[in-house]
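**Student:** Need the 3D shape of this:
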Amino acid sequence: MTSASDRPNDDLGERLRELDASGTPDSGPVFEHMFSEMKAQCDKSDRTLAGFLRSRSTAVRRMIVLSIFALLGLLGWFAFPLIGAENRSVQWTVSLVAFCTLLIMAIFMVTRPVHLPALPRWQSICLVCVAVGATMIAAFWPIPAALASTHDHGGGFMVGACMGVGLLLGVPVYALLRLVDRGNALGNLVAAAAAGVAGNFVLKAHCSIPGTSHELLGHASVAVVFVLGLGLVHRWIPSK
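**Tutor:** You can find the predicted model right below:
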């Protein structure tokens, strides 16, 4: 009879046990490298942009997204005038920092390595709720005293203008995050929240119209439309 040591699969089994052993410090990079190679082979015939981006490693995908967002942010920051000094306050700065932090968190969630355990769905839902809530809280910050006399509760027709600009700015953010997403649970909602936060970041930095109503209807509504609208679209029209 053939002994156990003569079986041809012994080496393979031993190798798998080594990779599966707890405490192996390099198992993460090994699995990431294995996935990248397999994904590259599967996407070899896929010449689309999505196929190219998803075949990159996690570090490369994150670097691509962060670099593009940083470049767009710098261009927008210097190409368009910021709100006047009388409009800037500690709350204004806190809002911008919070939006930027939430956007980075969303990027890291969407580009999470596949060899790691999937994030619980509640964490994605929590990030989405916090992102939408942050845009609403930013609308209730006290108005600087210098602008109290010009406080406009309605914001007039500029509400629609700000909302339209915010939605247009969020579309490329959503599209890019979906292109680098390898299939994370609720990745579409996280990307939608990121798009809404990005739109609110730009509006908060450049819109000089004071008023809670204006910011709720023209700014925070951008995040709500992205999350609810795209959430319903993906529910009714599941991605293939």
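**Student:** CA only for contacts and neighbour counts going forward, please
**Tutor:** OK.
**Student:** now the helices: where do they sit in this structure?
**Tutor:** All helices of the chain, identified by DSSP state H, fall at 10-20, 27-42, 49-54, 58-79, 90-110, 121-138, 158-180, 187-206, 212-215, 221-224, 230-236.
**Student:** quick one: which of these has the weakest pLDDT on average?
**Tutor:** Lowest mean pLDDT within the helices of the chain: helix 10-20, at a mean of 55.
**Student:** Same list, the helices of the chain, but as CSV with mean neighbour count please.
**Tutor:** Below are the helices of the chain laid out as CSV (neighbours: other Cα atoms under 10 Å):
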stretch, mean neighbour count
helix 10-20, 12
helix 27-42, 15
helix 49-54, 17
helix 58-79, 14
helix 90-110, 18
helix 121-138, 18
helix 158-180, 19
helix 187-206, 27
helix 212-215, 23
helix 221-224, 26
helix 230-236, 13
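**Student:** For residue 234, give me its contacts.
**Tutor:** Listed by Cα atoms under 8 Å, 6 or more residues apart in numbering, the contact set of residue 234 reads residue 188.
**Student:** mind checking how far it is from residue 226?
**Tutor:** 12 Å (Cα to Cα, to the nearest Å).
**Student:** ditto for residue 81
**Tutor:** From residue 81 to residue 226 the distance is 26 Å (Cα to Cα).
**Student:** Could you check which of these two is surrounded by more residues?
**Tutor:** residue 226 (24 against 12; other Cα atoms under 10 Å).
**Student:** I figured that one hits residue 197, correct?
**Tutor:** No - the pair residue 226 / residue 197 is not scored as a contact, 9.7 Å apart, by Cα atoms under 8 Å.
**Student:** Surely residue 192 and residue 174 touch.
**Tutor:** Yes - with contact defined as Cα under 8 Å, residue 192 and residue 174 form a contacting pair (5.8 Å).
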